[in-house]
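*Asks:* my questions concern the predicted model and sequence given below.
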Amino acid sequence: MSAQTMNTRKGNQVLDLLSKMTLEEKIGQMTQVDFTVIGIPPEQNPTFPIDPQKLEEAVLNHHVGSILNTPFTPDNKAQSIETWRKMMEAIRDVSLKTRLKIPVMYGIDAIHGVSYTQNSILFPQAINMAATFNTDLAYQEGEITAREVRASGLHWNFSPVMDIGRQPLWPRLWETYGEDVHLSSAMGSAYIKGHQGNDFSAPDKAPTCLKHFVGYSFPINGKDRSPAWIGERMLREYFLPGFEAGIKQGAPTIMINSAEVDGIPGHANHHYLTTILRDELGFKGFTVSDWADINRLYTRDKLAASPKEAVKMAVLAGVDMSMVPFDFSFYDLLLDLVRSGEVPLSRIDEAVSRILTVKYQSGLFDFDRPMPDPKDHFATPQALEINRQAARESIVLAKNSDHLLPLKKDARILVTGPTAHLLSVLNGGWTITWQGDAEELYPQEKSTVLEAIRNKSSGTVTYIGGQSFDDEIDIDKAVSEAANHEFILLCLGEKPYTETPGNIDSLLLEPRQQKLAEALLKTGKPVILLTLGGRPRIITALAEKAAGVILGFLPGMEGGEAIADILFGDYNPNGKLPITYPRNTNDIVLYDHKPIEAFEWNVYNPLYPFGHGLSYTQFETTALTLDKQELKLGESLNISVTVKNTGNRTGKETVLLYLNDVAASVSRPVKQLKAFKKIELTPGQQKTVIFSLMPDDLSFIGVNLKRIIEPGEFKVMIGNESRSFTLINSAETNL
Ligand code: BGC
C-alpha cells in the first residue's frame, strides 16, 4: 500500500471514530496524566505498581488519552522490563474495555536510552552525541532506543531536544546537540530517522517528540524556566531550524516551551504554536504541553485570571494535549468551556483528530501487536558495543602537552576528585531517576572511571576520594600520595541534575574542587584534568597548568570504559567540541558570532573553540578546491579537500566546512558550519573529501524577516584554507 493510500485510510478511520465520540471522550483524549494518578504506593502493593481501580477511573471514567512517567517510589525510578511489560498490558486491557476501544498512548523520557527500564542501554547524553559529529551513531542510538522503548511495552519517547544550546549556564544545555544550527539539525534528524524508520507502527519503532517549542533554551539569566528575549530574526536563524528539520524528518509530536519568550509564555503563544508551527512549518502532528504548564499560566505567569482561563488560552493558542499531570482538572475545565461555547467544538475536533492520527500511525489500534522479545531487542551485546563506541567518540581531548597521553599501562597513577568513582556523574539527569543522582541504583557491573582504569592498568592505581560527590577529599593526603606516583588523574566537574534543580549562579568550579586542583598542580607532577558534567565549568587557570585536559561531559553508562580506553591509548580520541568552551564566566561569545564581537577590543578568545578536539595522530588538510567561481540559483557548488594522516596511528577526523558571507544586508556570522564529514585514515593515508553546497545553504533571514538568498561574495573555509566564490542571483526562499 502506498504511503498516500495508507494516510487516506488512517484519515478515514480517524473521521469515522471522531464522529462516534462523545464530548467527554474527545476531551479525555486531550488529557495526559502522570503515573501517580493510576499508581499504588509500594507499601500497599510491592509487586505491581498499578492500582486497577484508579486505572479504570482514569481510562474508563475520564477517558484519558495518555499517561506518562514511571512509578513514584519515592523518586521516579526505573522498573524491571518485566514489570513495565505487565503494566503496559494492564493499560492495554483497560483501553480495550473503553466503549470505542481507543488505546492509551504511554510516553516516557527515554532521552539517552530507555532510562526508566532497569539495565537498558544508556547512551552518552545529547551534548556528547554532538561531540561525535557522527550521524551514524545518532541514527543507531535512535534505533536502539526505539527498540528498547517498545520492548518495555512503551509507546512514545519525549526526545530529541531540538532546543539549541547557546546559553552555557542553562541546566539543560547537555540535553541539546550544542550551539550550532547545522550540527543539531543533522544529529536530531539522524536520531529521528533511526527511531521512527519509514513507518513507526513497526514493532521496533516508535514516535519521537521534538522539545521544547520554541526558545526555551535561551534564558537570559541562565536559569531554567525563566524568560528568553528572542527577536524574530534570531528565532528564525537559530531556534526554528532544528524543529523544521525534525518536522521534515517526520516527528509527529512536539512538546511546548515551559518558559516564555518576549513576554509570552510558550503555552499561550498563538503566533508560535499556530501561525508559525502549523501555517508556516506545516506541522501535522499534535502538540503536548510540558509539565503542569497550562495551569502555570494562572499560578505562575499571571496571564490567566483563573485555572479555567488558563485552559482556554492554551487550547486556543494551539495546545492539543495537556500534561496536567496529577488530576483531571483540565478535563473538567475544558468540558465546561466547550459546553459554554467559550472553546469551539471545531478546535476540540482538530486536536483530537491529530492525536488519534498519531495513535493510528504508531500502530496502537492494533491491540494484538506483540511487544518485541527482550531477548534480542533489549540490552543486546551489539547495542552495548555501539554505546561504547559512541562514548569513545564523544570524549574531547582538549590538551596533550608533549604527547603525555596516552599513558603506559604500567604507569603509576594517582586518581582523585569527586567525579572519579561514581557512575551518576557519567550519566547525568534522566538516568534511572529524574535527577539521575541515585548512585545506589546504578548497575554495579558498570565501571566508574577509577574502576575502568584499574581494570586496564598493570601498574599502581591509588584512589584518594570519597564514596559520594560531596564527600570531603583529604587534600594533604592526596598531595603526599602524589609523590609516589608518576601522574595525577584529577577528576572534577558536576554532580547530576536536570531542569530547575540544576540552576547555578556561576560557571565557576566549586571552591573545594578548585582548592584540590591548585594543591595538586603545585606538586609538580603532571596532572591530567578530566571534567565530567553537563556544562562548561570554568577551568582556565587549571587547564593552563595541567599537562593534559580531557572534557568528558556526560558520556553515559560506558563512559568510564571509554575514558580508560582513551587514557591508555586503546582508542584514539576524535570527539570535537559542539560548544564554545568559555575562558571566563561572562565570556559567552559563541563561534558563529557577529563581526562586531571580534572587532577592535572585542575578541573571540574562548578557552577552547567550537570544533576543537585533539587526536593521538595528526591530520593535514590541503588542496581546498571549488568547482566554480560563480554560482547560479539551481546549481550546486562542489568543494573538495584532501585530508592526510601525517602521524603514526590510525585515527578519525571530522572535516568541518564553514561559510562566510562577505557582505550582506543583515550582519552575518564570521563563519557558520554548513557541512561536516567524519573519516578514518591509517598512518600516511590520504583521502579527498567532497562536499556540495546549494544556494539555499547561503540563505539567511533578511531585513524583511523572510529567508532570502543574496548575491555577492562568499568564503568557504576548511582547516587553515579558504576560497571565495560569487553568487550571481538573488531570491526569496520558502525554506
Ligand atoms: C520536562 C520535559 C519532560 C517532561 C515529562 C518536564 O518537566 O521539561 O522535558 O519531557 O517533564 O517528564
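*Replies:* Perfect, thanks for sending it.

*Asks:* near the ligand, which residues of the stretch 401-550 of the chain show up?
*Replies:* Within the stretch 401-550 of the chain, the residues that sit near the ligand (CB under 6 Å from any ligand atom) are E499. Yep, even glycine has a C-beta here, placed from its N, CA and C like the rest.

*Asks:* residue of the stretch 401-550 of the chain nearest the ligand, please.
*Replies:* Closest approach of the stretch 401-550 of the chain to the ligand (CB to the nearest ligand atom) occurs at E499, with a separation of 5.6 Å.

*Asks:* ok, that residue - how many residues close by?
*Replies:* Neighbours of E499 under the rule other CB atoms under 10 Å: 17.

*Asks:* now it, nearest residue through space, not along the chain?
*Replies:* The spatially closest residue to E499, leaving aside those adjacent along the chain, is D224, at 5.2 Å (CB to CB, 6 or more residues apart in numbering).

*Asks:* over to P578?
*Replies:* Nearest residue to P578, sequence neighbours excluded (CB to CB, 6+ apart): G178, at 2.9 Å.

*Asks:* so who does the one you found touch?
*Replies:* Residues touching G178, when contacts are defined by CB atoms under 8 Å, 6 or more residues apart in numbering, comprise 127, 130-131, 164-165, 184, 577-579, 610.

*Asks:* in helices, which of these appear?
*Replies:* Secondary-structure check on the contacts of G178 using DSSP state H: residues within helices are 127, 130-131, 184.

*Asks:* just those now: which is nearest I708?
*Replies:* Distance ranking of those against I708, using CB to CB, places S184 first at 22.7 Å.

*Asks:* residue contacts, the closest one?
*Replies:* S184 makes contact with 130, 162, 164-165, 176-178, 242, according to CB under 8 Å, 6+ apart.

*Asks:* now render those as TSV, adding distance to the ligand and pLDDT.
*Replies:* Below are the contacts of S184 laid out as TSV (distance: CB to the nearest ligand atom, whole Å; pLDDT from 0 to 100):
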residue	distance to the ligand	pLDDT
A130	18	99
M162	12	98
I164	15	97
G165	14	98
T176	12	98
Y177	15	98
G178	18	98
G242	15	98
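
*Asks:* need the three-state assignment for G341.
*Replies:* Assigned by DSSP: H, G, I helix; E, B strand; the rest coil, the conformation of G341 is coil.

*Asks:* what's the neighbour count on it?
*Replies:* By the other CB under 10 Å criterion, the neighbourhood of G341 contains 8 residues.

*Asks:* same check on P526?
*Replies:* When neighbours are defined as other CB under 10 Å, P526 has 18 of them.

*Asks:* my guess is it meets G548, correct?
*Replies:* Yes - counting by CB atoms under 8 Å, G548 is a contact partner of P526 at 7.4 Å.

*Asks:* pLDDT weak spots in the protein?
*Replies:* For the chain, applying pLDDT under 70 flags the ranges 1-5, 73-75, 734-735.

*Asks:* please identify the residues of it in proximity to the ligand?
*Replies:* For the chain, the residues in contact with the ligand (CB under 6 Å from any ligand atom) are 68-69, 109, 158, 211, 255, 258, 290-291, 499.

*Asks:* in JSON lines: those, plus secondary structure.
*Replies:* Conversion of those to JSON lines gives the following (three-state DSSP):
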{"residue": "L68", "secondary structure": "strand"}
{"residue": "N69", "secondary structure": "coil"}
{"residue": "D109", "secondary structure": "coil"}
{"residue": "F158", "secondary structure": "coil"}
{"residue": "K211", "secondary structure": "strand"}
{"residue": "M255", "secondary structure": "strand"}
{"residue": "S258", "secondary structure": "coil"}
{"residue": "D290", "secondary structure": "coil"}
{"residue": "W291", "secondary structure": "coil"}
{"residue": "E499", "secondary structure": "coil"}
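
*Asks:* which residues touch the residue nearest to E499?
*Replies:* Residues in contact with D224 (CB under 8 Å, 6+ apart) are 170-172, 259, 499-500, 502-503.

*Asks:* just put those residues in TSV and tack on secondary structure.
*Replies:* TSV is the format used below for these (three-state DSSP):
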residue	secondary structure
W170	coil
P171	coil
R172	coil
A259	coil
E499	coil
T500	helix
G502	helix
N503	coil
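
*Asks:* filter these down to the buried ones, PyMOL style.
*Replies:* Once 16 or more other CB atoms under 10 Å is used to decide burial, the buried members of those can be selected in PyMOL as follows:
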select buried, resi 170+171+172+259+499+502+503
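
*Asks:* burial measure for T460, as a count.
*Replies:* Other residues lying near T460 total 13 when counted by other CB under 10 Å.

*Asks:* ok, now the one 4 residues further on?
*Replies:* A count of nearby residues for I464, using other CB under 10 Å, gives 22.

*Asks:* need phi/psi at it.
*Replies:* The phi/psi pair for I464 (degrees, to the nearest 10) reads phi -120, psi 110.

*Asks:* go on, the one 3 residues further on?
*Replies:* As for Q467, its main-chain torsions (degrees, to the nearest 10) stand at phi -100, psi -20.

*Asks:* residues near it, how many?
*Replies:* Q467 has 9 neighbours, counted by other CB under 10 Å.

*Asks:* domain ranges for this structure?
*Replies:* 27-376, 395-598, 619-734 (automatic domain parsing).
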